[in-house]
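>>> Just to be clear, the model below is a prediction. Sequence and coordinates:
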Amino acid sequence: MTKIVNSWNDFDPLKHVIVGRADFSVIPPEEPATSEKVPVDSEMRGMWGPRPTATVERANEQLDNYVKILEGLGVKVDRPTPLQWNQEIKTPDFRTESGMTQMPPRDILLTMGNEIISAANSFRCRYFEYLAYWPLMNEYFEQDPEFLWTQAPRPRLTDKSYKHNYYDEKISLEERLVRTANKDFVTTEFEPMWDAADVMRVGKDLFIQHGLTTNRKAMEWFKRYYPDFRVHAVNFPGDPYPIHIDATFVPLRPGLIINNPHRHLPDEQRAIFEANDWQIVDAAQPAHDTPPELCYSSVWLSMNCLVIDHKTVCVEASEVHQMEQMDKLGMNVIPVPFRDAYAFGGGLHCATADVYREGGCEDYFPNQVDDPTLV
């Protein structure tokens, strides 16, 4: 019997992974979920259409190099099948002018033990993104008799899923931070919506970020779907654009997490970590003041790293401060050039999805506290 799929966290020894591709990537048109993500002063405001060919080629060159580095570390790598995203997406409930990409599988695929779930994404342009991974899922299903191939309930993404008039060109950064602190986001609680990159897996505990792409109803769905797991809602008041947890709160090994110093986990949410002797340290400052051209993400992709095992981590090659910190934390650092790929969906962690890590489902938080974050 061939066991292909197994992963319970982001730090046990990685043996098999999916790495995305940049082919046919599109800057999607504005829609209720995406307009809130693009900063008012961004050059990408109002821009959409196929990404320039030269940028796609540079991104693919770095993605291919990333694959070679991972293979050199003994990791088996699979790739998605690119789709032509520059075409209309239409359902009975909505239409949008294009899809997006298949560069960041971390947003779409969540691996839970021997199960891979396709997420219930809140972006209309990402409605069919799971199809790029369909051939791989089918292959795993045919080869691994224990593999569970799952699709989360598909959201309808009607106008009821978003707050009308939420977005305002004139809103200040301070007002955005107030909204984040008040857990006031463009997504409503009409139906469960979530991106896989908002879920931090730590054995029997799931820490899920409530933000612009994942709502509380999704956490309730997780609680019911995985009754033997503890589901914690986390939020980071210092983030004006709270999308995805993996450039904010990143576990490196059991007992150690780096936290974005501008987006601290609130004190009441830290209690579960402190009760179990986990250390939360501020991540090093980014080496860059601005993101690359045509990039949605913040400079904090510096901490969006891929942990290979408890002692080894891949960090973007120009992020000298983050690499130095990892070294001081006892990690062997593998530098990976990746800034040309950032614009297509994120950093080194975003561009991957776990297929197989050694190890089982451990309880890393046996000392339970009166936890207000439990869903």
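Cool, got the structure.
>>> what sits up against stretch 258-274?
Residues from elsewhere that reach stretch 258-274 (C-beta atoms under 8 Å, 6 or more residues apart in numbering): 205, 232, 234-239, 242, 247-250, 252, 257, 280-283, 285, 300, 303, 325, 365, 368-373. Using the backbone N, CA and C atoms, a C-beta is placed for each residue, glycine as well.
>>> Pop out the phi and psi values for the residue nearest the centre of the chain.
Against the mean C-alpha coordinate of the chain, by C-alpha atoms, centre = their mean, the closest residue is residue 197 at 2.3 Å. When read as degrees, to the nearest 10, the backbone of residue 197 gives phi -70, psi 0.
>>> Can you say which of the contacts of stretch 258-274 are buried?
Those of the contacts of stretch 258-274 that meet the buried threshold are 205, 232, 234-239, 242, 247-250, 252, 257, 283, 285, 300, 303, 325, 365, 371, 373, by 16 or more other C-beta atoms under 10 Å.
>>> backbone phi and psi for residue 145, please?
phi -70, psi -10.
>>> Check residue 90 too.
Main-chain torsions, residue 90, degrees, to the nearest 10: phi -140, psi 130.
>>> I'd like to know how far it sits from residue 210.
Going from residue 90 to residue 210 by C-beta to C-beta, to the nearest Å gives 30 Å.
>>> measure the closest residue in space to residue 27 that isn't next to it in sequence to residue 105 for me?
Computed as C-beta to C-beta, 6 or more residues apart in numbering, the closest residue to residue 27 that is not its neighbour in sequence is residue 48, at 4.8 Å. Distance from residue 48 to residue 105, counting by C-beta to C-beta: 22 Å.
>>> helices and strands of the protein: which one has the lowest mean pLDDT?
Least confident element among the helices and strands of the chain, by mean pLDDT, DSSP states H and E: helix 32-35 (a mean of 64).
>>> ok, whichever helix or strand comes after that one: who's next to it in the sheet?
Sequence-wise, the next helix or strand downstream of helix 32-35 (DSSP states H and E) is strand 49-50. Paired neighbours of strand 49-50 in the sheet (DSSP bridges): strand 26-27 (antiparallel).
>>> So what touches the strand it pairs with?
In contact with strand 26-27 (C-beta under 8 Å, 6+ apart) are residues 44, 47-51, 85-86, 98-101, 125, 294.
>>> if we go to 6 Å?
With contacts defined as C-beta atoms under 6 Å, 6 or more residues apart in numbering, strand 26-27 is touched by 47, 48, 50, 85, 86, 98, 100.
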